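Show me how the following folds:
(one chain, ligands or ions: 1)
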Amino acid sequence: MKIDILTLFPNMFTPFLEESIIKRAIDNDLVSIRVINIRDFSTLNNSQVDDTPYGGGSGMVIMCDPVFKAVESVRDDDSLVIMMSPSGKVYNECIAKELSTKKHLIILCGHYEGFDERIKTIVDMEVSIGDYVLTGGEVPALAVMDSVVRLIPGVISEGSLESESFNDNLLDYPVYTKPRVYNGLEVPEVLLSGDHKKIEEYRNSERNRVTKEKRPDLLK
Ligand SMILES: C[S@@+](CC[C@H](N)C(=O)[O-])C[C@H]1O[C@@H](n2cnc3c(N)ncnc32)[C@H](O)[C@@H]1O
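Numbers count the residues shown, from 1 in each chain. Predicted structure coming up:
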């Protein structure tokens with residue numbers, strides 16, 4: 001898979017791409033991620049990319065031309081263009097799974113007051129990461145990129161993905177590690193039993209219990 005992130009603040013991505021599972025996925029050629037500066041596509045003085053809104057009001061609006069040109073520079077027949085936007089479809093694991101099957105994602109990060117509305121004519125999908133407003137689309141793009149990359153086959157083990165939260169509309173079961181007792185808090189006995197069938201039953205029932213308690217909406 002290829003992911004191109006179009007942003008006015010490319011440096012925000014550098015440390016994230018150089019650590020942990022994402023770095024390993026890149027090093028192992030399971031994904032190729034490029035971060036592209038929209039400003040490089042400006043033809044105006046001082047590489048201007050934004051201007052005041054027509055009709056008045058505060059803030060600056062990202063202009064069509066550099067974004068159209070930046071998208072054109074990377075788009076091909078396999079591309080899906082995703083705009084980060086508070087008014088987009090609220091992101092979830094189901095969308096992450098769908099995106100992880102695509103060959104090429106182009107992720108547009110807004111800033112300031114957001115994008116000129118006409119940019120939406122070259123966008124396939126608008127995505128919000130929740131009902132709150134961030135200063136820019138960089139954190140949302142990182143969330144989308146991270147959640148998609150970990151679903152690409154080979155990035156993390158199949159077993160780790162199987163019982164994860166949101167699979168089968170359930171949350172994950174609680175996990176424990178050594179020591180067996182910490183400050184008087186004990187690990188559930190069944191997990192020490194070595195009885196794999198019982199452990200599986202316990203974990204399944206815990207997934208149901210935790211989901212009922214914390215996210216009953218998932219069970220509907
Ligand atoms: C300050 S926001 C613009 C907010 C916009 N004026 C509004 O009220 O909807 C700047 C950029 O941050 C990104 N952004 C902010 N909140 C987001 C969210 N919840 N989900 C996805 N992107 C978001 C978008 O790319 C947006 O264009």
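
chain center to the longest strand that the chain contains: distance?
Secondary structure of the chain per DSSP state E: the longest strand is strand 79-90. Here strand 79-90 is found 11 Å from its chain centre; the criterion is CA atoms, centre = their mean, to the nearest Å.

What of stretch 188-203?
Offset of stretch 188-203 from its chain centre (CA atoms, centre = their mean): 33 Å.

What is the end-to-end distance of that stretch?
11 Å (CA to CA, to the nearest Å).

That one: which residues count as buried?
191, 199, 202, 203 (16 or more other CB atoms under 10 Å). Just so you know, the C-beta spots here come from the backbone N, C-alpha and C atoms, and that holds for glycine as well.

Need the contact partners of the helix or strand encompassing the third one.
Using DSSP states H and E, the secondary-structure element containing residue 202 is helix 196-214. Surrounding helix 196-214, the residues in contact under the criterion CB atoms under 8 Å, 6 or more residues apart in numbering are 163, 169-174, 188, 190-191, 193, 218-219.

same deal with stretch 43-61?
So stretch 43-61 is contacted by 8, 38-40, 42, 62-63, 65-66, 111-116 (CB under 8 Å, 6+ apart).

hmm, that stretch in reach of the ligand?
No - Stretch 43-61 does not reach the ligand (CB under 6 Å from any ligand atom); its nearest approach is 7.1 Å.

What's the first helix or strand after the helix or strand hosting residue 3?
Using DSSP H and E, residue 3 maps to strand 2-7. Using DSSP H and E, the next helix or strand after strand 2-7 towards the C-terminus is helix 14-17.

so what does the helix or strand just after that following helix touch, helix or strand wise?
Per DSSP H and E, the first helix or strand lying C-terminal to helix 14-17 is helix 20-27. When contacts are defined as 3 or more CB pairs under 8 Å, 6 or more residues apart in numbering; DSSP states H and E, helix 20-27 packs onto helix 14-17, strand 32-37, helix 138-149.

List the buried residues in the longest one.
Read that as helix 138-149. Neighbour counts over helix 138-149 (16+ other CB under 10 Å) mark 138, 140, 141, 142, 143, 144, 145, 147, 148, 149 as buried.

next one: stretch 95-105
Within stretch 95-105, the residues that count as buried by 16+ other CB under 10 Å are 95, 96, 99, 100, 102, 104, 105.

Could you tell me how far it lies from the centre of the chain?
That offset, for stretch 95-105, works out to 11 Å (CA atoms, centre = their mean).

Ok, stretch 35-45 next?
Mean C-alpha position of stretch 35-45 versus that of the full chain (CA atoms, centre = their mean) differs by 24 Å.

do the same with stretch 19-38
Worked out by CA atoms, centre = their mean, stretch 19-38 lies 14 Å from the chain centre.

near the ligand at all, it?
No - Stretch 19-38 lies apart from the ligand when judged by CB under 6 Å from any ligand atom; the minimum separation is 11.6 Å.
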